[in-house]
Each structure stands twice: as C-alpha cells, then as structure tokens.
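1. What shape does this take:
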Amino acid sequence: MATRLSQALVRSRSIVVLESRSPKFTPQRSDYKLSPNFRAVAVHGQQAFLDLPPLENPDVDQLDLTFSDHVAAFKSKTTWEIFRGWGVFTLCKWKWMVDNNAEIMKVCQKIFGKTLFELSMKLTFYGHFVVGADEQTIQPMINRMGTFGVKSILDYSAEEDLEEGKQKKDKEPLQRLLKKKQEKAKDDTEIPSKQFQEDVGFSQRAHDPVARTYFYQGEVQCEKHLDTFMHCIDCVSNATHGTGFAAVKFTALVRPQMLMTLSDVIIKSRRYLADLVGGKTSQRSLNIMRADVDPSKLLDKFEGDAKEELLKRISYDERGLVHLFDWNRVVTGEVNINELFMVPDPKTGQMKRLFQPLTDVELEMFDNFIHRLHTLFTFAKKSDVRVMVDAEQSYFQPAISRLTMEMMNFYNKEKSIVFNTYQCYMKDTIKFLMNDLEQAERQNFHFGAKLVRGAYMEQERARARALGYEDPICETVEATTESYHACFMECLLRSVRFRDEGEDPQRVSAMIASHSEESVRFVIKKMHEYNIGQQDRLYCFGQLFGMCDQVSFPLGQAGYSVYKYVPYGKVGEVLPYLSRRAHENKGMLTKMEKERQMLWKELWRRIFAFELFRGKPMGNYRPFN
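-> Down below sits the predicted model:
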C-alpha cells in the first residue's frame, strides 16, 4: 500500500518511488526541458554567457606573487567601486556592527522604509558583494570581468531565513510521519556514535552564519530544489559549451538526518574493517584500499552463514578490498540498505546491524534521493556541465562524499562531470582524499575535486564540546594550511604520474577555491615545478565576488583559469547572504585589511593621476577556458 509520502505530487508529477528494486537502474528525466515560465527563475550556481568578441593577441601580464600590485588588482574597477569597497571593508572592522548586522538591517528597514533602505544597501554592502538583481542586470559586470581574464560562476543568493518557531512548526508533521512503530533498538543494533546523533540545538542558522543552510520541509520542497539545480545546469550548458560549473548541496535533496545516519554507518564500517584486518589506527581504517587487503583474509575469520553473508556485501577487485559494503548496489537500487548494512559479530558470528533500520517512509525518502541524484547528474552529463557537490558539516560529509564518489563512478568515465568538495580544515580530509583518489584509479574513472578550507568551524567545535566527541577541526591555522597543501599535492602528483605514464593527466583535476595568498602561491610554484601550464586545464582558481580581488584579477590577467563566484538577487532576498559575508569578513580581518589598504592606495593614485572620472574600464584580456 502506498504511503502518504508516495502519494505526494510535485506540480503534476509524482515523486519516483521504487515499488521493487530492479537489478539495473534507469536514470529518470534525462530529457528534461525547461518551461518558458521557469526560465525566468534565477538559480544557484549557473555561469552567465560571456558575450565577448575574440582577440587575436590578448594581453598577458607577468604575475606578481606578492599580490601587492594595487593597479593590477583594481584596474577593472571604477573609482566609485574602489571607494565603496574601501568603505565597506572599513565598516567590517567594527566588531559590534558585524556581530549585530542582521538586527541592524531589520531596524534600518523599519526606520527608513523599503525604498531608502534598498538604496542605502545598493550604495554599500549589496553593491559591493552582489552584482545585481537578475540575470539581465548582471551581464555588464560579467562581460567586464571577462575582459580582464576572470570568468564567473553565478550564485543566486536568495535564501530563506527560517525563524526558530517556523522550523519547529515545519518539523512536527514530519516527526509524526517518521515515528517508528518499533520500540527501542534491539540488542543486535548499534546505537549512533555521538558525532552522528541528531541534535536540534545545532540545526539552527544562528550556529552557522557563514554557510548556506537548507532546512528539510518535505519531499515536495526537495523536488523544487532539484528543478532549481536542473535549471542551473540548463543555463550553464547554453552559455558555456563545456567550460561551466554548477554547484549543488545534497541537504537540499534529502532529509539531512538520512545523511547523518549513513555517515555513522560509514565510520563504523571502517572501524570494523580495520579491527578485522589488524589495523586499529585511524590511518589504517581510512585507507583500507591502499593496504591491498586480500578479501580471503577477512572471510577466513568466519564460517558458514556468516562467511556467506559477508561475501555478499564486500566490494573488492584484483588488488584487494575496496569497501566493506558494495555501494554501487546502493546507488543502482539493487539492494535494500536495511539488509546491506549488517556485519557478522567477530565474537559470536551472528549478524548485527550497524544502524537502526529505516522505516518504510524513510526507505522511500532514500530511494527518492538516489533518483534525484541520477536525474541531476544524467542531465549534467548530457548537457556537458561540471557539477560541484558542496561540502557540509562533518556529521553529513562521510555520506555526501561516499555517494558523490559513486556518482563519479557512473558519470566520470570519459571526463570529470561530478566534483567532490574537500574541507581541508578537517583533520581526516587528507586520508579521505587519498582513499578517493585510489578508488578513482582502481575503478578507472576521472576524479574531480574542489579544495576549500571550510565554513563550519565554530559550529563544529561547539557541537563537539556539547556532545562530547573529539573536535574534528585542525587545532591551528598552520595545520589547516598544511592539510590544504597536502591535499593539493596528492592531486598534483597523481596527475603528473598519469602524464609521465602516457595516460590522460586530466583524470585528476581540481579547483583551488581559496582566499589564501600563501596557498595560491604554493599551487602556482608547484605547477611550474612540475611543468603544468595554464592551458592544461588541470587546475583552476576560485574566489568570491567582492573579496580577494588582489588575487583573482592578477591571476586572470596572467593567463590562469580563475573564477569569481558572482552572487545576484533582489535586495530583500539576499540579506541572509550579506549577513554571512559580514561574518566571514570578521574572521578574515588580516587579509581584508591588506585589501582595504590597497584600495586606499589605488584611490589616491587615481586622484594624483587625474583618473578619478574615467568611464567603466574594459580590458584587453580573455579568460582561458
């Protein structure tokens, strides 16, 4: 009998429900077409059309690796934009204003009214961090940046800032729907680890001001998010013809608790496997593939039914174990995950579950989620658009990364379509990355990565203290930088080895999404050291619009592939985004101060050079695709 969830409709389209799991998955909606009305909706992550005539001899500048040349950094800006940027960064130095920016904006709205408030925002924060209201108004800025060698990844920044009461109200029907009929977990079911237990106190936006948050509001809303992402992909395809990116968040497509449950299973399975093969350290458990473990050594520890059941679950190749569980069967819908995530107890030989079984409704949610992923990536591959899966909190990330890698195995056979994001401020990121690189090589698919530092530090540390588990974040900034550089070198050395062995070096590619001048310098020096050129399309750079221009524009003007994340949306819709940018600037005061001083120097240079009133600049550069 169909559940309430399976009867829900999304616009006149039923949510996909697997009545029986077929042995072979067939992706849905690969012939996705956008309605004319939906085309008018702005979306997250699309790249706008770069309407520039070709140049026979575009300029290419020498790169100043100190990133201190204020002329090169701001030659793309008008004098007003330079003055406004200096003013905004100066305001961001006031801690009280940054800490209370959301309340200040609400008060100003009430005092000045909508019209005056929006005008003041356009003259300050909105004007500096947001390009425009819609796809048409941002086009001039996209083109102008393109003439200075910088490409754009559009970021539709309208966000829903749910209040606590609304969140609670929205969760009540879901909790009734998901209420389990069974009593407490049986003795053969392991309880969730502390890190992967749901805690409502840390689900509010107040604990996470610098990262976009999606709140689960039902399967209908997940389908709407899917439509938004697919509209993004369609626009990127029409605009870029194979050079564009789109970005997605898995928490927009499924109830986040599902990801937390799967993450708990993944970590428990790694520890279980490490204990069985004799390695009890975190290093061994996270890099089991690199140990080339013979499956027979694992199976020989059991007899009879336990041995047969374990053999059904493990994934291995000629070199040894790949995973304790065959995740390929999960993403093809061949197996019920309630039955898959069971292991024999080493002491008794009896099968035990690594998590409390999902209800029928939760199983249906998971099936819908997998269908959404295949729908999304099938359309992306058909459209020749690269999709970056954003990283999220540590208690979601193991599941996000594992499912992303399985999607790579499906869709990255010829080129990189799916990219995984690695947060290098996590202590174990390098181990996860090494494991994923190993899987990509052994299963023969292209590996795409986006390297970031991370955006959830305060929330992660507060949650770890409150729930009593080890802080997953690196202790110092220096440790995070070391982790970032180590992750890049793992990717680089793999590319170089493929090139030297006569294989395609693009089997490994990455975006260096960093505002750190030190890390950008490190990457460029290593690219030169290993003879990786700008034209090889292995590594590109990414920064946010309105920040770190002293890095982005000199890179683009020197011929490197560099992107700006360009936010857009109406003033009232992007206030949560602007609040997050203010908080992020508070955590980057040293870097922001350098850029503020450079803006001031450029402003005075133009005053003395009588260049205050020159028109909007246009460069003689072209971004390298």
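2. going forward, measure contacts between C-alpha atoms and count neighbours the same way
-> Will do.
3. Name the SS class of D59, please.
-> When the structure is reduced to helix, strand and coil (DSSP: H, G, I helix; E, B strand; the rest coil), D59 reads as coil.
4. Ignore what I typed, I meant M511.
-> In the three-state summary, M511 is assigned as strand, counting by three-state DSSP.
5. Check whether it really touches G542, as I assumed.
-> Yes - counting by Cα atoms under 8 Å, a contact exists between M511 and G542, whose distance comes to 6.8 Å.
6. more crowded one of the two?
-> For M511 versus G542, neighbours defined as other Cα atoms under 10 Å are more numerous around G542 (25 against 22).
7. which residues are contacting stretch 493-503?
-> Stretch 493-503 is touched from outside by 504-509, 530, with contacts defined as Cα atoms under 8 Å, 6 or more residues apart in numbering.
8. got the buried residues for it?
-> 494-496, 498 (16 or more other Cα atoms under 10 Å).
9. Likewise for stretch 107-125?
-> Taking 16+ other Cα under 10 Å as the neighbour-count basis, stretch 107-125 is seen to contain the buried residues 109, 117-118, 121-122, 124-125.
10. related to what we said a few turns ago, just put the contacts of stretch 493-503 in a markdown table and tack on pLDDT, distance to G619 and neighbour count.
-> Written out in a markdown table, the entries for the contacts of stretch 493-503 read as follows (pLDDT from 0 to 100; distance: Cα to Cα, whole Å; neighbours: other Cα atoms under 10 Å):
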| residue | pLDDT | distance to G619 | neighbour count |
| --- | --- | --- | --- |
| D504 | 91 | 34 | 15 |
| P505 | 91 | 32 | 22 |
| Q506 | 91 | 30 | 21 |
| R507 | 93 | 34 | 25 |
| V508 | 95 | 32 | 26 |
| S509 | 93 | 29 | 24 |
| Y530 | 94 | 31 | 12 |
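11. Among the residues you listed, which lie within strands?
-> The subset of the contacts of stretch 493-503 located in strands under the criterion DSSP state E comprises 508-509.
12. any low-confidence regions in the stretch 201-350 of the chain?
-> The stretch 201-350 of the chain contains residues with pLDDT under 70 at 201-215, 235-236, 238-243, 278-293, 316-322.
13. circling back: can you tell me which of the buried residues of stretch 493-503 end up in helices?
-> Assigned to helices by DSSP state H, the following of those qualify: 494-496, 498.
14. I'd like those residues laid out as CSV, including pLDDT and distance to T378.
-> Formatted as CSV, the entries for those read as follows, by pLDDT from 0 to 100; distance: Cα to Cα, whole Å:
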residue, pLDDT, distance to T378
R494, 94, 27
S495, 94, 26
V496, 95, 30
F498, 94, 27
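15. between these, which is closest to T480?
-> Out of these, the one with the shortest distance to T480 is R494. That distance is 21.5 Å, counting by Cα to Cα.
16. What are the buried residues along stretch 361-373?
-> Applying a neighbour-count criterion of 16+ other Cα under 10 Å, the buried positions in stretch 361-373 are 361-373.
17. would you turn these into JSON lines with pLDDT, secondary structure and distance to P58?
-> Formatted as JSON lines, the entries for those read as follows, by pLDDT from 0 to 100; DSSP: H, G, I helix; E, B strand; the rest coil; distance: Cα to Cα, whole Å:
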{"residue": "V361", "pLDDT": "88", "secondary structure": "helix", "distance to P58": "58"}
{"residue": "E362", "pLDDT": "88", "secondary structure": "helix", "distance to P58": "56"}
{"residue": "L363", "pLDDT": "88", "secondary structure": "helix", "distance to P58": "55"}
{"residue": "E364", "pLDDT": "90", "secondary structure": "helix", "distance to P58": "54"}
{"residue": "M365", "pLDDT": "90", "secondary structure": "helix", "distance to P58": "52"}
{"residue": "F366", "pLDDT": "90", "secondary structure": "helix", "distance to P58": "50"}
{"residue": "D367", "pLDDT": "92", "secondary structure": "helix", "distance to P58": "50"}
{"residue": "N368", "pLDDT": "93", "secondary structure": "helix", "distance to P58": "49"}
{"residue": "F369", "pLDDT": "93", "secondary structure": "helix", "distance to P58": "46"}
{"residue": "I370", "pLDDT": "93", "secondary structure": "helix", "distance to P58": "45"}
{"residue": "H371", "pLDDT": "94", "secondary structure": "helix", "distance to P58": "45"}
{"residue": "R372", "pLDDT": "95", "secondary structure": "helix", "distance to P58": "43"}
{"residue": "L373", "pLDDT": "95", "secondary structure": "helix", "distance to P58": "40"}
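18. which among these gets closest to G218?
-> The nearest one, if we look at the buried residues of stretch 361-373 relative to G218 and count by Cα to Cα, is M365, at 9.5 Å.
19. What is the neighbour count of T90?
-> Other residues within reach of T90 by the criterion other Cα under 10 Å amount to 14.
20. now the host helix or strand of it: how far from the chain's centre is it?
-> In this assignment (DSSP states H and E), T90 forms part of helix 79-91. Between the mean C-alpha location of helix 79-91 and the chain-wide mean there is a distance of 30 Å, by Cα atoms, centre = their mean, to the nearest Å.
21. Can you tell me how far V150 is from L354?
-> Computed as Cα to Cα, to the nearest Å, the V150 to L354 distance reads 48 Å.
22. Pick out whichever of these two has more residues nearby.
-> Set V150 next to L354 and count neighbours by other Cα under 10 Å: V150 wins out with 28 against 25.
23. Provide the count of other residues in contact range of the residue nearest to K616 when sequence neighbours are not counted.
-> Of all residues beyond its chain neighbours, the one nearest K616 is T78 (5.7 Å), with distances taken as Cα to Cα, 6 or more residues apart in numbering. T78 has 18 neighbouring residues, counting by other Cα under 10 Å.
24. just to revisit the earlier point, ok, which pair from the contacts of stretch 493-503 is furthest apart?
-> Taking Cα to Cα as the measure, those span a maximum distance of 16.5 Å, between R507 and Y530.
25. In helices only, show me the buried residues of stretch 107-125.
-> 109, 117-118, 121-122, 125.
26. so where's this protein uncertain?
-> For the chain, applying pLDDT under 70 flags the ranges 1-54, 135, 154-215, 235-236, 238-243, 278-293, 316-322, 581-591, 624-625.
27. is it true that L324 touches S315?
-> Yes - under the criterion of Cα under 8 Å, L324 is in contact with S315, at a separation of 6.1 Å.
28. Whichever strand or helix holds F379: what's the following helix or strand?
-> With elements taken from DSSP H and E, the one containing F379 is helix 360-383. Remark: after helix 360-383, the chain's next helix or strand is strand 386-389, criterion DSSP H and E.
29. what's that following strand in contact with?
-> Applying Cα under 8 Å, 6+ apart, the external contacts of strand 386-389 come out as 242-250, 377, 380, 404, 416-421, 450.
30. Please type out the PyMOL selection for whichever of the residues you listed turn out to be buried.
-> With 16+ other Cα under 10 Å as the burial test, the buried ones among these are selected in PyMOL as follows:
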select buried, resi 244+245+246+247+248+249+250+377+380+404+416+417+418+419+420+421+450
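31. Tell me which of the contacts of strand 386-389 fall in strands.
-> The subset of the contacts of strand 386-389 that ends up in strands is 245-248, 418-421, 450, with DSSP E as the criterion.
32. and which of those is nearest M408?
-> For the ones in strands among the contacts of strand 386-389, the minimum distance to M408 (Cα to Cα) is 5.6 Å, reached by V418.
33. how about the strands in this structure?
-> Remark: strands assigned in the chain by DSSP E are 9-10, 13-14, 151-156, 245-248, 315-317, 320-323, 342-344, 351-353, 386-389, 418-423, 447-452, 508-513, 539-544, 562-568.
34. So which of those is nearest R465?
-> Minimum separation from R465 across the strands of the chain (Cα to Cα) falls at strand 418-423, 20.1 Å.
35. quick check: angle from that closest one to strand 447-452?
-> Calculated by axes from the mean of the first three to the mean of the last three Cα atoms, to 10 degrees, strand 418-423 forms an angle of 30 degrees with strand 447-452.
36. so what strands line up beside strand 418-423?
-> strand 386-389 (parallel), strand 447-452 (parallel) (DSSP bridges).
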